[in-house]
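**Q** Quick one, fold the following:
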Amino acid sequence: MSTQTQEKRVRFYELLEKSLILTYGKWGAVYREHLLKTNPEKYYILLSDSKLYEHISKIDTQMYNRYNELVRSLSEKAGLTKELKKKEPEKWDRKLKSVEKQAAETIEEEIRSLLHTV
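**A** As a prediction, this is how the structure comes out:
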């Protein structure tokens, strides 16, 4: 295959992939960016084999579920109850934002470590 043909093929897959980005969730987009930065070879292999979308969607789903589990677990530990929400909604909101931030940081860390094992 000529270099020009390869370049056209890569451009085609990049355009296709850009149209699919809109269907990734937050964690899929984060994973995609980290994958592209840390392992562009794997990224382009998956892209050219038409496996990138499936791969990222799988990671997105896993990380979305993990994020929700973390938020639930951390919320319990932080004492986020319905009673607190009723009695002190501002305090409940601050605690929830803190929990969500902590869960998001954990997920981003897990994504980075996941990429180091790939």
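**Q** and residue 80, what are its phi and psi?
**A** In this entry, residue 80 is assigned phi and psi values of phi -80, psi 100 (degrees, to the nearest 10).
**Q** residues near the closest residue in space to it that isn't next to it in sequence, how many?
**A** Computed as C-beta to C-beta, 6 or more residues apart in numbering, the closest residue to residue 80 that is not its neighbour in sequence is residue 95, at 5.5 Å. The way it works is simple: take the backbone N, C-alpha and C, and place the C-beta from them, glycine included. Number of residues near residue 95 (other C-beta atoms under 10 Å) recorded here: 18.
**Q** What helix or strand is the spatially most central residue of the chain located in?
**A** Using C-alpha atoms, centre = their mean, the residue of the chain that lies closest to the mean C-alpha position is residue 27, 1.5 Å off. Assignment of secondary structure by DSSP states H and E places residue 27 within helix 26-38.
**Q** how much space between the residue nearest to residue 80 and residue 106?
**A** With the distance defined as C-beta to C-beta, to the nearest Å, residue 95 ends up 16 Å from residue 106.
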